[in-house]
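whatever this is, show me its structure:
(chains A and B, ligands or ions: 2)
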Amino acid sequence: MLQRVISPPPSEQPPATLAGVTTQARQAPPAIPVRQRWLEFKQPVSTPSKLLLGIAAWILFLLGWHLAATSGTEANPLFPSPADVSGSLWNLFAERGFHSDVLASLQRILLSFGLAVAVAVPTGVLMGAFPAVEAFFSPLVSAFRYLPAPAFIPLLLMWLGTGDTQKIALLVLGVIWFLITLVCDTVKQTPVDFIETSRTLGGSRRTILWTVVLPSSLPGIVDTCRQMLAVSWTYLVIAEIVAATDGIGAMMMRARRFVHVDDIMAGILIIGALGLLCDLAFRGLHWLMFPYLRRR
Amino acid sequence: MSAALDLQHGGLEVARLGKVFPGRDKPVIAVEDVSFHVEPRQVCMLLGPSGCGKSTILRMIAGLEQPSSGGINLNGNPVVGPHRERGMVFQGYTSFPWLTVRQNVSYGLRINGDAYALREGTVDHYLERVGLSRFADAWPHQLSGGMRQRVALARALATTPQLLLMDEPFGALDAETRWQMQELLLNVIRKERMTVVMVTHDVEEALLLGDQIVFLSSHPGRVRTMLYPPFKGDDAICTREALRTHPDYAPMERQILAMMREEGGH
Ligand SMILES: Nc1ncnc2c1ncn2[C@@H]1O[C@H](COP(=O)(O)OP(=O)(O)OP(=O)(O)O)[C@@H](O)[C@H]1O
Ligand SMILES: [Mg+2]
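Ligands and ions are numbered 1, 2, ... in the order given. Below is the predicted model of the structure:
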């Protein structure tokens, strides 16, 4: 305490500290100073720093947007500020029943993705496990993979009308071929030694499929699903822009008619947020399902 | 516990075994006319230069590969495919990463629906045999290489096979761990009274563990000599030091190393 009271004012402190360092250095060999650098290859970043950096990027983005939108002398209706968009977001939910649109979209996503997974995962697993099954399906699947799903919209509209069935069909078509291929590739990575170990322990074909091939490739399959769900959101907007009375995409098309740019941006924001939530949900699922893959 | 092995047809009979692989331009003769016999409760080592067909012979005994000619009999029954009467330990790490150590060891019993063995503590018995009781609930990725091979050994033993097959199980381990594993294996084999066929290219390992050494020459793989190391009958020799100081050890090692050099010199 006393030291601090009689210590010189801040401006005179540097020489004192310097002297302190030199006396210390005489007692023990000086540790080579580790220079902390921001950019270092492969150097892990602590969780708080990571969070801080992520938030900083968002703040910069919102600030840039705000400045760009408010730079003109008068407000431009075609380029609303973040405040305008959040205001319209609030308004959409509070007064215009936007939640029913969001629910309609979510329902389409979950239903179509569930269907796609229910077909693609068993097919992909059998293809990856048995080369004969792969030889059968592969030419068909590879061909369909290169057909853009939106090209089917006119057909689907004629066959299935403008209802939900048509939209769900488009969403399923959009992801199922990639899902099958990626699941098949994951399953093919199952080490031969694992399969042979099970065979020498008396495993039958069915046993090996359920107790070796599936558990060995399940983490990869869940990861594939997470990535393909993001693609599903893309097709959802396409489906809802074409012909829909409800859903997030339909709301955005309605807003376009009245040049409500803030509503359109609010819709984009909601899609982004929901996509992120889906991604997080899958990551959580992955973490819960595969405790043996958790590394600190 | 393995009275079946004492039947008159007991043991492993490998008769005029041959294997031809369809090569890229011409067929590769990997194994040709290999015959040998392993008595029950004996340890047979397959020794020879790299590429002489050791793994191929072992895989045919396991039933993972079909012989092109000849045949294999175990206790009087012909080998036609993989069966849990013939357990196998591979060179690479094959413990299933999604199962704990205990679940790995009990895997064979579970897929065979052997509720009795599961209830009677068979799994704990073999975990203890390989010294992994304390790690029963660990995940394989938390274990060292030697420990993972012990998991694979315990898993192969838990279904009480009549024959244990091992393909360079310690090949991927560092020297120190390999010695420890060899001594542990010697101990397990003695206590469990197993019939074993093991592939190695480590002369010392062959002499320490083997009752019988099948020395193979390469291209094509044939039996060059059979050797019968005298060390295993002597219960005193269960460590590396005891083996190395045995008066018969050095001449025998020299003889095998000379053969190895000849084979390698092709
Ligand atoms: N699946 C296969 N297809 C074609 N050739 C093969 C196959 N497996 C083995 N071979 C050939 O058979 C020969 C014997 O191979 P094998 O793996 O049995 O030798 P090895 O004695 O176990 O050698 P190493 O000590 O290197 O493990 C080699 O020439 C190898 O190239
Ligand atoms: Mg080999």
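
touching, A:Leu269 and A:Ser88? I think so.
No. Using CB atoms under 8 Å, A:Leu269 is not in contact with A:Ser88, being 9.9 Å away. Every C-beta, even on glycine, is put in place using the N, C-alpha and C of the backbone.

so for those two, which sits in the more crowded spot?
A:Ser88 (23 against 15; other CB atoms under 10 Å in any protein chain shown).

got a list of what the more buried one touches?
Neighbouring residues of A:Ser88 by CB atoms under 8 Å, 6 or more residues apart in numbering or on different chains: A:80, A:260, A:262-263, A:265-266.

repeat that for B:Ala138.
B:100-101.

and the gap between A:Trp38 and ligand 1?
49 Å (CB to the nearest ligand atom, to the nearest Å).

where does that residue sit: helix, strand or coil?
coil (DSSP: H, G, I helix; E, B strand; the rest coil).

burial count for it?
Counted with other CB under 10 Å, A:Trp38 comes out at 8.

can you list the residues of chain B near ligand 1?
B:21, B:28, B:30, B:50-56, B:201 (CB under 6 Å from any ligand atom).

CSV for the residues you listed, including pLDDT?
Listed next are the residues of chain B next to ligand 1 as CSV, based on pLDDT from 0 to 100:
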residue, pLDDT
B:Phe21, 93
B:Val28, 89
B:Ala30, 91
B:Ser50, 87
B:Gly51, 87
B:Cys52, 89
B:Gly53, 91
B:Lys54, 93
B:Ser55, 94
B:Thr56, 95
B:His201, 85
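
on that earlier part again, most surrounded residue in the contacts of A:Ser88?
A:Ala266 (27 neighbours).

once you drop chain neighbours, what's closest to it?
A:Leu89 (4.2 Å; CB to CB, 6 or more residues apart in numbering or on different chains).

repeat for B:Lys191
Nearest in space to B:Lys191, with sequence neighbours left out and distances taken as CB to CB, 6+ apart, is B:Arg129 at 7.0 Å.

from chain A, which residue is nearest to ligand 1?
Per CB to the nearest ligand atom, A:Val192 is where chain A lies closest to ligand 1, at 10.9 Å.

and that residue, how many neighbours?
Neighbour number of A:Val192 under other CB under 10 Å is 11.

just the pLDDT for it.
Here, the pLDDT recorded for A:Val192 equals 95.

chain B against chain A: which residues are in contact?
By CB under 8 Å from any CB of the partner chain, the residues of chain B that approach chain A are B:62-64, B:82-84, B:86-88, B:90, B:92, B:94, B:96-99, B:107-108, B:111-112, B:139-141, B:152, B:155-156, B:159, B:165.

quick check: PyMOL command selecting the buried ones in those residues.
A single PyMOL command selects the buried members of the residues of chain B next to chain A (16 or more other CB atoms under 10 Å in any protein chain shown):
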select buried, chain B and resi 62+63+64+82+83+84+86+87+88+90+92+94+96+97+98+99+107+108+111+112+139+140+152+155+156+159+165
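
out of the residues of chain B next to chain A, which are inside strands?
Among the residues of chain B next to chain A, DSSP state E puts B:86-88, B:165 in strands.

looking at those residues, spot the one nearest chain A.
B:Met88 (4.1 Å; CB to the nearest CB).

which single residue of the stretch 151-266 of chain B ends up nearest chain A?
Counting by CB to the nearest CB, the stretch 151-266 of chain B gets nearest chain A through B:Thr159, at 5.8 Å.

who touches that residue in this structure?
Counting by CB under 8 Å, 6+ apart, B:Thr159 has contacts A:201-202, B:84, B:87, B:108-109, B:112, B:114.

of all those residues, which two lie farthest apart?
Within the contacts of B:Thr159, B:Gly87 and B:Asp114 form the most distant pair, 13.8 Å apart (CB to CB).

for B:Ala223, give me its contacts.
Just to correct that, residue B:223 is Val rather than Ala. Contacts of B:Val223 by CB under 8 Å, 6+ apart are B:34-36, B:214-217.

what about residue 212, how many neighbours?
Let's take chain A. Counted with other CB under 10 Å, A:Val212 comes out at 24.

actually it's chain B I care about, not the one you picked
B:Gln212: 20 surrounding residues under other CB under 10 Å.

ok, now which ones touch it?
So, once contact is read as CB under 8 Å, 6+ apart, B:Gln212 ends up touching B:36, B:38, B:42-45, B:226-228.
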